[in-house]
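>>> build me a structure from this.
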Amino acid sequence: MAGNAVLKPALIAECKSKLQNIKTDLLNRVRDARSQLDNMETGGDEADQTVRVLAEQEFVNMQDRLRNQLIEIESALARIENGSFGVCEETEESIEPDRLKAIPWTRLSIEGAEIRESLNKRYARG
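Model prediction:
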């Protein structure tokens, strides 16, 4: 794979730094949300209990979203380490530098994303 050979080391370093910062931010958000949930009253009337249940559901939904994003970030960091960062999974071409700067965990170039979307639409109609 030619991925990192095409990408400038400065771009890879910038993306790695962004990924690490986003990862730290996500982990802090999970910790803060857990802390808020833990500090909610557990007793109370039916309305208080309903608010708690809704807050717990919101926390679970947020956890799922953040977990998925963390998986993508960890995967991108692993691709940096193994030299495959910046290579589109669909076309095996280099991902556009501006796209990597905007979405450093992306696995697809713009063309690859379009191909994948068209395939998903085709199979969704089934």
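
>>> what residues of the helix ranked longest in the chain count as buried?
If you go by DSSP state H, the chain has its longest helix at helix 46-82. For helix 46-82, burial by neighbour count (16 or more other C-beta atoms under 10 Å) applies to 52, 66, 70, 72, 73, 76, 77, 79, 80. Where you see a C-beta, it was placed from the backbone N, CA and C, and this is true even at glycine.

>>> would you tell me what the next helix or strand after it is?
The helix or strand immediately downstream of helix 46-82 is helix 97-102, counting by DSSP states H and E.

>>> which residues are contacting that next one?
Contacting residues not belonging to helix 97-102 are listed as 7, 8, 11, 14, 15, 18, 86, 106, 109, 110 [C-beta atoms under 8 Å, 6 or more residues apart in numbering].

>>> coming back round to it: so which other helices or strands are in contact with the longest helix of the chain?
Judged by 3 or more C-beta pairs under 8 Å, 6 or more residues apart in numbering; DSSP states H and E, helix 46-82 is in contact with helix 9-38.

>>> what comes up buried for the helix it packs on?
11, 12, 15, 16, 18, 19, 22, 23, 26, 30, 33.

>>> okay, now the unreliable bits of this protein?
Within the chain, the segments meeting pLDDT under 70 span 1-5, 41, 126.

>>> sec struct for the nearest residue to residue 52 once chain neighbours are set aside, please.
Distance criterion C-beta to C-beta, 6 or more residues apart in numbering; nearest residue to residue 52, sequence neighbours excluded, is residue 40 at 5.5 Å. Taken by DSSP: H, G, I helix; E, B strand; the rest coil, the conformation at residue 40 corresponds to coil.
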